[in-house]
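**Q** this one's sequence-less:
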């Protein structure tokens with residue numbers, strides 16, 4: 001009754017102090033803002049990631065030039081594009097797999113699972129936020145690589161962003177699958193890190209000119225990105241079949257990885273090992 005009178009005293013207006021339920025928009029905004037704060041408040045770590053990427057590329061470039069000489073120079077554009085895609089892929093993959101592994105070690109996994117959104121959407125949005133950050137850092141690495149090697153590439157931005165995004169969607173799926181296995185078996189960090197080096201083979205797959213490799217993660221995206229950045233091919237100039245394969249592979253691996261993560265999480269609940277470490 002007093003509640004009714006209070007409502008009448010307010011002219012029938014709803015109580016604005018009453019908390020509203022959060023939506024996925026609020027979740028996405030919070031996750032993106034968190035990633036921004038981590039980036040700007042810990043600049044030494046952010047700069048360190050760029051320096052390490054450039055260090056490994058320097059080893060690849062200068063070491064390869066000493067050993068291979070002209071052979072490296074002839075394929076330098078392709079190497080730069082492949083390395084750019086590799087840095088994006090590693091950032092996307094580790095953003096989910098390592099994040100889930102950390103939550104398992106910290107004992108905060110159950111807290112995320114009990115949120116209204118569930119842990120998988122939170123992990124996915126955190127992965128997307130890290131991919132956005134990785135795009136920025138990889139673009140800086142790409143610019144420095146072009147200066148160091150005195151190389152010129154075609155940069156159709158819209159085509160590069162779309163093809164790269166669809167390419168690393170398959171890697172996000174692998175990250176989800178690896179994270180699900182981490183929920184069950186806990187300490188598998190060495191295996192998670194080993195898979196990152198497998199991305200080199202996947203990105204190099206188009207060089208083998210085998211049709212079935214287009215259905216592997218990163219392979220089709222690597223082929224299209226090479227044509228966009230080396231030959232200057234625009235998105236609308238690609239054959240529809242090639243774009244369809246890229247979209248199907250991206251969606252298939254992302255949904256498959258998500259399903260593996262959900263299945264592994266349910267099994268961990270049944271076994272009672274969700275919060276164990």
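**A** Everything's here; your move. Keep in mind that this is a model prediction, so the values were computed, not measured. Residues are numbered from 1 along each chain as shown.
**Q** which stretches of the stretch 151-277 of the chain have low pLDDT?
**A** 187-189, 207-208, 210, 273-277 (pLDDT under 70).
**Q** mind listing the strands for it?
**A** Assigned strands in the stretch 151-277 of the chain: none (criterion: DSSP state E, counting those that start in this stretch).
**Q** what ranges do the helices span in it?
**A** Remark: helices assigned in the stretch 151-277 of the chain by DSSP state H, counting those that start in this stretch are 157-185, 189-204, 219-230, 240-271.
**Q** Determine the angle, from 0 to 180 degrees, between the first one and helix 219-230.
**A** This means helix 157-185. Counting by axes from the mean of the first three to the mean of the last three C-alpha atoms, to 10 degrees, helix 157-185 lies at 150 degrees to helix 219-230.
**Q** Equivalent analysis for the longest one, please.
**A** Helix 240-271 and helix 219-230 meet at an angle of 130 degrees, taking the same axes, to 10 degrees as the criterion.
**Q** picking that back up, and of the helices of the stretch 151-277 of the chain, who's closest to residue 147?
**A** Across these, residue 147 has its closest neighbour in helix 219-230 (15.9 Å, C-beta to C-beta). Where C-beta positions appear, they are placed from N, C-alpha and C, glycine not excepted.
**Q** Quick check, central residue of this protein?
**A** What sits nearest the mean C-alpha location of the chain, by C-alpha atoms, centre = their mean, is residue 92, with 1.9 Å.
**Q** If we go by neighbour counts, what in the helix or strand that one falls within is buried?
**A** Per DSSP states H and E: residue 92 is located in helix 76-106. Neighbour-count burial for helix 76-106, with 16 or more other C-beta atoms under 10 Å as criterion, is recorded at 76-101, 103-104.
**Q** helices or strands next to it in the packing?
**A** When contacts are defined as 3 or more C-beta pairs under 8 Å, 6 or more residues apart in numbering; DSSP states H and E, helix 76-106 packs onto helix 43-68, helix 109-113, helix 119-149, helix 157-185, helix 189-204, helix 219-230.
**Q** could those helices go into a markdown table alongside distance to residue 246?
**A** Formatted as a markdown table, these follow (distance: least, C-beta to C-beta, whole Å):
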| stretch | distance to residue 246 |
| --- | --- |
| helix 43-68 | 25 |
| helix 109-113 | 31 |
| helix 119-149 | 17 |
| helix 157-185 | 5 |
| helix 189-204 | 14 |
| helix 219-230 | 5 |
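**Q** Nearest to residue 25, out of those helices?
**A** helix 119-149 (10.7 Å).
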